[in-house]
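Visitor: Build me a model from this:
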Amino acid sequence: MAILKPIALATLALAAQSAAQSANPGVGANPKADGATEDVTSTTGPNGSEDWLNTGITDNGWNPPFLSIDDVYHISLDDFYNGIGSACKQYDNYFQIAGSKYGVDPVILAVIAMQESSCNADAGGPTPGLMQVSCENYPNGQCTDSIQDNVDAGTNYLSSQLDSAGGNAIQAFGSYNGWFTKGSGLNGNKGLTQDYPCSEEGQSNGVPQNLDYLHQVMNGWLMGLDVYGDDSWIGTYNCDQSCGDGSLC
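Guide: As a prediction, the model looks like this:
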């Protein structure tokens, strides 16, 4: 995993007429990611453009391009903890233990915990805790009150998705959020399309409801940007839990 130079956020700028915002995380553009730019905008960033990450969403179903987990650009763990991920720092030991056990960089785990639960170990719901994964991923297939078990469960699931995707971070991150490809049996056996989340089937399944997820993770959280706060402008679908409001999904 390439640990890049410390984040240096530029002042957010409003583009003419569209009022589009951008930020420069100071990590450069990933040469292995199509459409990659040094600046993060609503449509692109260092780990590629949203159109590339979401290949197939607008027509025949999601067909994830390949970007090895080892080639993903991100800020350092210290920079994450000293920035938007400060709430995650108290759980560092759990991320370190799980990361060592499953061979996953701890910064990836901290970022997922931030995205999934805002690093709230008491987060509830059918997929509780920091990592928000189902109980079947826990030891013995049962949820426990152990924070380490929760982080291990999330890491176990991510690791299994990376293995099944041949190390493809894009497919693994998408799968973590419930994205699916052709042959899944969902959406007429097609891959995820932009109209699926708000279809009758999509709403009955409840996930996924956020077609900006990959862009927000790859070019937002991993760049040290606060997708739930000042940097909520990252992404173009705007369909998270908002069916019927005119969004694209």
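
Visitor: need the helix or strand of the chain with the lowest average pLDDT.
Guide: Sorted by mean pLDDT, DSSP states H and E, the helices and strands of the chain end with helix 200-205, the least confident at a mean of 90.

Visitor: which helices and strands sit right next to the helix or strand just after it?
Guide: In the C-terminal direction, the helix or strand that comes right after helix 200-205 (DSSP states H and E) is helix 213-219. Using 3 or more CB pairs under 8 Å, 6 or more residues apart in numbering; DSSP states H and E, the elements in contact with helix 213-219 are helix 50-53, helix 106-117, helix 169-176. Where you see a C-beta, it was placed from the backbone N, CA and C, and this is true even at glycine.

Visitor: how close does the residue most central in space within the chain get to residue 145?
Guide: Nearest to the geometric centre of the chain sits residue 217, at 3.3 Å (CA atoms, centre = their mean). As judged by CB to CB, to the nearest Å, residue 217 and residue 145 stand 27 Å apart.

Visitor: what does residue 31 give?
Guide: Relative to residue 145, and taking CB to CB, residue 31 is found at 44 Å.

Visitor: cool, and residue 215?
Guide: 34 Å.

Visitor: more crowded one of the two?
Guide: More neighbours surround residue 215 than the other of residue 215 and residue 145, with 29 against 9 (other CB atoms under 10 Å).

Visitor: ok, the more buried one - contacts?
Guide: 43, 45, 50, 53-54, 234-235 (CB atoms under 8 Å, 6 or more residues apart in numbering).

Visitor: wait, doesn't residue 161 sit right on residue 169?
Guide: No - using CB atoms under 8 Å, residue 161 is not in contact with residue 169; the gap is 9.6 Å.

Visitor: The two - which one has more neighbours?
Guide: residue 169 (26 against 17).

Visitor: shouldn't that one be in contact with residue 64?
Guide: No - with contact defined as CB under 8 Å, residue 169 does not count as touching residue 64 (9.4 Å).

Visitor: what does stretch 65-72 contact?
Guide: Against stretch 65-72 from outside (CB under 8 Å, 6+ apart): 1-2, 30, 32-34, 47-48, 52-53, 55, 104-105, 108, 162, 166-172, 218, 222.

Visitor: what about 7 Å?
Guide: 1-2, 30, 32-34, 47, 52, 55, 162, 167-170, 222 (CB atoms under 7 Å, 6 or more residues apart in numbering).

Visitor: ok, now stretch 219-233?
Guide: Counting by CB under 7 Å, 6+ apart, 7, 21, 23, 25, 27, 40, 42, 45-47, 72, 74-75, 79-80, 83-84, 111, 114-115, 118, 216, 234 sit against stretch 219-233.

Visitor: So how do I select the buried members of those in PyMOL?
Guide: Here is the PyMOL selection string for the buried members of the contacts of stretch 219-233, based on 16 or more other CB atoms under 10 Å:
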select buried, resi 7+21+23+25+27+40+42+45+46+47+72+74+75+79+80+83+84+111+114+115+216+234
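
Visitor: Out of the contacts of stretch 219-233, name the ones that lie in helices.
Guide: When these are checked against helices (DSSP state H), the matches are 79-80, 111, 114-115, 216.

Visitor: With pLDDT added, can I get those in a markdown table?
Guide: What follows is the ones in helices among the contacts of stretch 219-233, written out as a markdown table (pLDDT from 0 to 100):
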| residue | pLDDT |
| --- | --- |
| 79 | 97 |
| 80 | 97 |
| 111 | 97 |
| 114 | 96 |
| 115 | 94 |
| 216 | 97 |
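
Visitor: hang on, the earlier thing: list buried residues within the contacts of stretch 65-72.
Guide: By 16+ other CB under 10 Å, those give 1, 30, 33, 47, 52, 55, 162, 168-170, 222 as buried.
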